[in-house]
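In: Make a model of this:
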Amino acid sequence: MKAYLSIFRVHFISVLQYRSAAFAGILTQFAWGFMLVLMFKAFYQSNPSAFPMGLSQVTDYIWLQQAFLNLFAVWIFDNSIFTSVTDGQIAYELVRPLSLYKHWFAKTLAFRSARTLLRCFPPLIVALFLPEPYGLSISQHLPLFLLTMLLSTCLVIAFLMLIYISTFYLLSSTGIRTLVMTIGDFLTGGIIPLPFLPHSIQHVIELTPFGLMQNVPLRVYSGDIKEWTIIFPQLFWLILLIVFGQLFMKNALTRVVIQGG
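Out: Numbers count the residues shown, from 1 in each chain. Take a look at the predicted model:
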């Protein structure tokens, strides 16, 4: 465990160095957040009762989504992992007396945590001081929100581990990455909150791990989900994906061929 904590610390510090990229990302998140809030407000002005969530709940959802984008977005990858597999650098990682799965998991967690730390506070602080209904309210469910946010982050990483491992079997990761970027963002509530979808589609998505990612903590914060039992399906899928991912990794490493001279 000490070795993986060291891996986390090293990669966490290295990502913190990219401050200019973080500043550009903050501006993008501000612009995107304001645009979405104004768009939903225009819809709500016509008939507020026609929507499954209150406008204040939607604005909470939007600002938290922008602030914690780097934790929850399934389309944000650590490109260094793909590169290490495709160019043969994976050989250096295989000779280390460490679990490659745990190594990549710790590295990805550090990558996402550092990027989030650099970008999350400005949107949160500004949104807290905006007037209603444009701003972020103070949640009464912070303990449950923090717990579901942690589980959601680990669930996203466990899912992405399957994408990283699949690179061992593919000539190029471009296809599967494009698929995840287009479909995964929709299924996790990255485009619109899942309650806005038809009930039949929403219930199906909530049975999958995608419906338990950013959809859950963002709705917990706004009070749309209040039951602590929501953590049990998150834990179930997290354990299942980790176990399957480790078996997938074990099988992939028995077939890996590194070419070079």
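In: Can I get stretch 33-40 in CSV, CA atoms only?
Out: Only the C-alpha atoms of stretch 33-40 are listed here, as CSV (Å, rounded to 0.1, in the frame of the first residue of the first chain):
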residue,chain,number,x,y,z
GLY,A,33,-21.9,26.7,-16.6
PHE,A,34,-23.5,30.1,-17.2
MET,A,35,-24.7,29.0,-20.7
LEU,A,36,-26.4,25.9,-19.3
VAL,A,37,-28.0,27.8,-16.3
LEU,A,38,-29.5,30.4,-18.7
MET,A,39,-30.7,27.7,-21.1
PHE,A,40,-32.5,25.8,-18.4
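In: buried sites along that stretch?
Out: Neighbour counts using 16 or more other C-beta atoms under 10 Å place 33-34, 36-37, 40 of stretch 33-40 among the buried residues. Backbone N, C-alpha and C define where each C-beta goes, glycine included.
In: Same question for stretch 164-171.
Out: For stretch 164-171, using 16+ other C-beta under 10 Å, the buried residues are 164-165, 167-168.
In: Closest to Pro131 out of those?
Out: Tyr164 (43.4 Å; C-beta to C-beta).
In: could I get the buried residues of stretch 164-171 as CSV with pLDDT and secondary structure?
Out: Listed next are the buried residues of stretch 164-171 as CSV, based on pLDDT from 0 to 100; DSSP: H, G, I helix; E, B strand; the rest coil:
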residue, pLDDT, secondary structure
Tyr164, 92, helix
Ile165, 91, helix
Thr167, 86, coil
Phe168, 85, coil
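In: what packs against the strand or helix carrying Leu179?
Out: Element membership for Leu179, per DSSP states H and E: helix 174-179. Judged by 3 or more C-beta pairs under 8 Å, 6 or more residues apart in numbering; DSSP states H and E, the packing partners of helix 174-179 are helix 142-166.
In: What residues of the helix or strand harbouring Ala42 count as buried?
Out: Assignment of secondary structure by DSSP H and E places Ala42 within helix 19-46. Buried positions in helix 19-46, judged by neighbour count with 16+ other C-beta under 10 Å: 22, 25-26, 29-30, 33-34, 36-37, 40, 44.
In: How about stretch 143-156?
Out: For stretch 143-156, by 16+ other C-beta under 10 Å, it's 144-145, 147-149, 151-156.
In: which among these gets closest to Val95?
Out: Each of those was scored against Val95 by C-beta to C-beta, and Cys154 proved nearest at 27.6 Å.
In: Find the nearest non-adjacent residue to the closest one, please.
Out: Leu238 (5.6 Å; C-beta to C-beta, 6 or more residues apart in numbering).
In: How about the contacts made by that neighbour?
Out: Leu238 is in contact with 151, 154-155, 158, counting by C-beta atoms under 8 Å, 6 or more residues apart in numbering.
In: Mind exporting the C-alpha coordinates of the helix or strand harbouring it to PDB?
Out: Following DSSP H and E, one finds Leu238 within helix 231-253. C-alpha atoms of helix 231-253 as PDB (Å, rounded to 0.1, in the frame of the first residue of the first chain):
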ATOM      1  CA  ILE A 231     -24.400   3.700  -1.700                       C
ATOM      2  CA  PHE A 232     -25.100  -0.100  -1.800                       C
ATOM      3  CA  PRO A 233     -25.600  -0.300  -5.600                       C
ATOM      4  CA  GLN A 234     -22.500   1.900  -6.000                       C
ATOM      5  CA  LEU A 235     -20.500  -0.500  -3.800                       C
ATOM      6  CA  PHE A 236     -21.800  -3.500  -5.700                       C
ATOM      7  CA  TRP A 237     -20.800  -2.200  -9.100                       C
ATOM      8  CA  LEU A 238     -17.400  -0.900  -7.800                       C
ATOM      9  CA  ILE A 239     -16.500  -4.300  -6.400                       C
ATOM     10  CA  LEU A 240     -17.700  -6.000  -9.500                       C
ATOM     11  CA  LEU A 241     -15.800  -3.800 -11.900                       C
ATOM     12  CA  ILE A 242     -12.600  -4.000  -9.800                       C
ATOM     13  CA  VAL A 243     -12.700  -7.800  -9.600                       C
ATOM     14  CA  PHE A 244     -13.500  -8.100 -13.300                       C
ATOM     15  CA  GLY A 245     -10.800  -5.600 -14.200                       C
ATOM     16  CA  GLN A 246      -8.100  -7.500 -12.300                       C
ATOM     17  CA  LEU A 247      -9.100 -10.700 -14.100                       C
ATOM     18  CA  PHE A 248      -9.100  -8.900 -17.400                       C
ATOM     19  CA  MET A 249      -5.700  -7.500 -16.600                       C
ATOM     20  CA  LYS A 250      -4.300 -10.900 -15.600                       C
ATOM     21  CA  ASN A 251      -5.500 -12.400 -18.900                       C
ATOM     22  CA  ALA A 252      -4.200  -9.500 -20.900                       C
ATOM     23  CA  LEU A 253      -0.700  -9.800 -19.400                       C
END
